[in-house]
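Enquirer: Take this sequence and fold it.
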Amino acid sequence: MSRVKIWIKAFRLRTLPLAMSSIILGGFISAFDGRFSWLITLLAVSTTLLLQILSNLANDYGDYKTGTDNKDRIGPERSVQSGQITAFQMKVAVYLFIFLSFISGSALIYFGTEGIPMSNFYIFFGLGILAILAAVNYTVGKNPYGYKGFGDIFVLIFFGFIGVCGTYYLNTHMLNWTVLLAAFSVGLMSMAVLNLNNMRDIENDQKSGKITLVVKMGSKMSMIYHHIIIIIAIVAATIFVLLNFQSYFQFFFIITLPLFIKDLYEIKKIEDKAKLDPYLKKQAINTLLYSVAFGAGLLI
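Expert: Numbers count the residues shown, from 1 in each chain. The predicted structure is shown next:
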């Protein structure tokens, strides 16, 4: 395998559709409210993709250093653990993507806060730094929060509230509390991806001391939790539409529901944890389609 392919594999491209979901939805809602900027939205997409790749690389490095990535791990082979990339090379790549994320994020904040009080620039700059720290510290550092069961809440915050609401505000320079419902909805859908990942890895995580929420709850409760968060996500989206109702086309996101129902039905029957792996990609793509349908329905 060529070096380029090895690094592309380490980027974990299948996670990128999920990263874009919140930005796309935030952009659509901005357009729905009559204020949309291609520059701001594209910079938000760029920053989010860089942060997601940063998180993937840091996760690869962090799980290797803690011993969580080992011969017993289920799922795609990790780059450092397999020896395809050295720990030093991965560490350098992490620093590179910290730098790239900082540059892209700074440009986003600079153009997104033009014409409004400087305090907004500092608030978003602080959120940007927190996003970089969150991307790295999921599995890296003395107290990685991914090993303490806080991964789900961080996903909700960054893939939901900050992604959707941040994109919306930088586009519109307005506050609209109902956007929180849309952000909550896509954030929960993103949490479902992490939950599937942790359900797949529960046995190895337990052995390695990685105490995810799934490890705390157990497989049976995690399956119930998985169903609940997807149902609540749909309910939140429905309430958002009802509060901003203009046309029945706004319920367009409903066309994606069969995808989630089919996966929920199939996942419930799975006993071999390794067979959960394909559903991570499916949930990520379904979430992207859900965000696009949700947003497009607002503009039809």
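Enquirer: Report the contact partners of residue 293.
Expert: 252-253, 255-256 (Cβ atoms under 8 Å, 6 or more residues apart in numbering). (Each C-beta comes from the backbone N, C-alpha and C, glycine too.)
Enquirer: For those, pick the one with the most neighbours.
Expert: residue 253 (24 neighbours; other Cβ atoms under 10 Å).
Enquirer: For that residue, which non-adjacent residue is spatially closest?
Expert: residue 294 (4.0 Å; Cβ to Cβ, 6 or more residues apart in numbering).
Enquirer: Same check on residue 190?
Expert: residue 159 (3.8 Å).
Enquirer: Give the burial count for that neighbour, as a bare number.
Expert: Applying other Cβ under 10 Å, I find that residue 159 has 27 neighbouring residues.
Enquirer: Repeat that for residue 297.
Expert: When neighbours are counted by other Cβ under 10 Å, residue 297 comes out with 21.
Enquirer: for residue 123, same thing?
Expert: Residue 123 has 14 nearby residues by other Cβ under 10 Å.
Enquirer: cool, residue 243 as well?
Expert: Neighbour count of residue 243, defined by other Cβ under 10 Å: 11.
Enquirer: Checking residue 114 next. Helix, strand or coil?
Expert: coil (DSSP: H, G, I helix; E, B strand; the rest coil).
Enquirer: now do residue 246
Expert: coil.
Enquirer: which helix of this structure spans the most residues?
Expert: In the chain, taking DSSP state H as the definition, the longest helix is helix 38-66.
Enquirer: Show the average pLDDT along that one.
Expert: Summarised as a single mean, pLDDT over helix 38-66 is 92.
Enquirer: So which bits of that helix are buried?
Expert: Judged by neighbour count using 16 or more other Cβ atoms under 10 Å, the buried positions of helix 38-66 are 40-41, 43-66.
Enquirer: Could you pull out the helices in the stretch 151-300 of the chain for me?
Expert: 151-155, 166-172, 179-200, 202-208, 213-217, 219-243, 257-268, 277-299 (DSSP state H, counting those that start in this stretch).
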